[in-house]
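**Q** Just need the structure, nothing else, for what follows:
(2 chains)
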Amino acid sequence: ELKVEQNPLFLSMQEGKNYTIYCNYSTTSDRLYWYRQDPGKSLESLFVLLSNGAVKQEGRLMASLDTKARLSTLHITAAVHDLSATYFCAVDNNQAGTALIFGKGTTLSVSS
Amino acid sequence: GAVVSQHPSWVICKSGTSVKIECRSLDFQATTMFWYRQFPKQSLMLMATSNEGSKATYEQGVEKDKFLINHASLTLSTLTVTSAHPEDSSFYICSARDPGLAYQETQYFGPGTRLLVL
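**A** Numbers count the residues shown, from 1 in each chain, chains lettered A, B, ... in the order given. Sure, this is the predicted structure:
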């Protein structure tokens, strides 16, 4: 059974600080997804990581994937209040037509 | 980019009634769609996989007779919550894969339907 673990589950940050969210998964997978969810809204796709060593950056967020360690990280640089949201990582099991399995999410709160 | 829509976006119903939620892929054909449920401050939990032209596959613990799924066409899947009770109140989100993007295959999520059962 594919399991996805995120940590931390809650993160309170000061503006301007850096931090990393970790996502571990239990079985082999080549694809890892990061999503953002604002309160009351659905998911917004942030990154799709498709291979070992993949690194993608968008603004203050950077995601990486190590398939050998079964680990992905979402690094936040110089946090700003607008980044406050819940971030989910998700993994599929490499089979076409299968659903994503989500981590529990990391609720990020950025304050000044 | 590919878009998935849901209707309605929110619904309030009385206990014991049935509610139908539609999920549409707007610019691609989806042979497979997925239904998730999300309770407040929790993650998304997969309920079922909806397959066009065949029966849905339900996750363990999800009552197939209570959550009826119909994937009548390549662009439409419906979830009917039958005899809804207050504990069914939740945020229901559907998703679909665009099979035309094999390498960059990703899953598109609908905007969600918030159900409140009184």
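**Q** give the contact list for B:Leu46.
**A** Contact analysis of B:Leu46 by CB atoms under 8 Å, 6 or more residues apart in numbering or on different chains lists A:99-101, B:34-36, B:59. (Each C-beta comes from the backbone N, C-alpha and C, glycine too.)
**Q** secondary structure class for it?
**A** Under DSSP: H, G, I helix; E, B strand; the rest coil, the three-state class of B:Leu46 is strand.
**Q** Next: B:Glu63.
**A** coil.
**Q** Let's see the pLDDT reported for it.
**A** If you check B:Glu63, the pLDDT there is 94.
**Q** Look at the nearest residue to A:Ser26 once chain neighbours are set aside and report its pLDDT.
**A** In this structure, A:Ser26 finds its nearest non-sequential neighbour in A:Lys3, 4.2 Å apart by CB to CB, 6 or more residues apart in numbering or on different chains. For A:Lys3, the model assigns a pLDDT of 90.
**Q** Same question for A:Ser29.
**A** On the pLDDT scale, A:Ser29 gets 75.
**Q** Ok, B:Gln29 next?
**A** pLDDT, B:Gln29: 88.
**Q** Then B:Gly100?
**A** So, for B:Gly100, pLDDT stands at 69.
**Q** Quick check: residues of chain A near chain B?
**A** Residues of chain A lying close to chain B by CB under 8 Å from any CB of the partner chain are A:31, A:33, A:35, A:40-43, A:45, A:48, A:50, A:88, A:92, A:96-105, A:107.
**Q** Show me the shaky parts of chain A.
**A** Applying pLDDT under 70 to chain A flags the ranges A:93-97.
**Q** can you give me the strands in chain B?
**A** B:4-7, B:10-13, B:19-25, B:32-38, B:45-51, B:57-58, B:67-73, B:76-81, B:90-97, B:107-109, B:113-117 (DSSP state E).
**Q** Quick check: phi and psi at A:Ala69.
**A** The phi and psi torsions at A:Ala69 (degrees, to the nearest 10) take the values phi -90, psi -10.
**Q** Next: A:Lys3.
**A** phi -120, psi 140.
**Q** Test my guess that it contacts A:Ile101.
**A** Yes. With contact defined as CB atoms under 8 Å, A:Lys3 reaches A:Ile101; the gap is 7.4 Å.
**Q** More neighbours: these two, which one.
**A** For A:Lys3 versus A:Ile101, neighbours defined as other CB atoms under 10 Å in any protein chain shown are more numerous around A:Ile101 (22 against 11).
**Q** List the residues that contact A:Ser12.
**A** A:109, A:111 are the contacts of A:Ser12 under CB under 8 Å, 6+ apart.
**Q** Let's have the contacts of B:Leu46 in CSV, adding distance to A:Leu71.
**A** Below are the contacts of B:Leu46 laid out as CSV (distance: CB to CB, whole Å):
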residue, distance to A:Leu71
A:Ala99, 21
A:Leu100, 17
A:Ile101, 15
B:Phe34, 25
B:Trp35, 29
B:Tyr36, 24
B:Glu59, 26
